[in-house]
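Participant: Okay, predicted coordinates and the sequence, questions at the end:
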Amino acid sequence: MLLNFNCMFVLILVLRKCHTLIRSTPLAAILPLDQHITFHKTVGYVIGICVLFHASGHVAHASTS
């Protein structure tokens, strides 16, 4: 679910109306919305970490079968 959320989050950030909506919420104080490249890299790193955990779970499951 976390991987799906982060992949969805990458897409939402390129939508202008969604970006404006996020700016009007309290999340704007937490997220670096004005630093587009930094924020994009951060979300990318989280996606990469989630992929590693997800793939390692599949490998662990396949090795026990």
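Facilitator: In hand now; what should we look at?

Participant: following the host helix or strand of residue 3, which helix or strand comes up?
Facilitator: Taking DSSP states H and E as the criterion, residue 3 maps to helix 2-12. Once helix 2-12 ends, the next helix or strand along the chain (criterion: DSSP H and E) is helix 16-23.

Participant: buried stuff in the next helix or strand after that following helix?
Facilitator: Note on helix 16-23: by DSSP H and E, the next helix or strand toward the C-terminus is helix 36-64. Across helix 36-64, burial judged by 16 or more other Cβ atoms under 10 Å covers 39, 43, 46-47, 50. In this view, the C-beta of every residue, glycine as well, is placed from N, C-alpha and C.

Participant: what angle do helix 36-64 and helix 2-12 make?
Facilitator: Note on geometry: by axes from the mean of the first three to the mean of the last three Cα atoms, to 10 degrees, helix 36-64 and helix 2-12 are set 150 degrees apart in direction.

Participant: elements contacting helix 36-64?
Facilitator: helix 2-12 (3 or more Cβ pairs under 8 Å, 6 or more residues apart in numbering; DSSP states H and E).

Participant: could I get the helix it packs on in PDB with only the CA atoms?
Facilitator: Output of helix 2-12 as PDB, limited to C-alpha atoms (Å, rounded to 0.1, in the frame of the first residue of the first chain):
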ATOM      1  CA  LEU A   2       2.900   2.400   0.800                       C
ATOM      2  CA  LEU A   3       4.400   1.700  -2.600                       C
ATOM      3  CA  ASN A   4       1.100   2.500  -4.300                       C
ATOM      4  CA  PHE A   5       0.700   5.700  -2.300                       C
ATOM      5  CA  ASN A   6       4.100   7.000  -3.200                       C
ATOM      6  CA  CYS A   7       3.700   6.100  -6.900                       C
ATOM      7  CA  MET A   8       0.400   7.900  -6.800                       C
ATOM      8  CA  PHE A   9       2.000  10.800  -5.000                       C
ATOM      9  CA  VAL A  10       4.600  11.300  -7.800                       C
ATOM     10  CA  LEU A  11       1.800  11.600 -10.300                       C
ATOM     11  CA  ILE A  12      -0.300  14.000  -8.200                       C
END
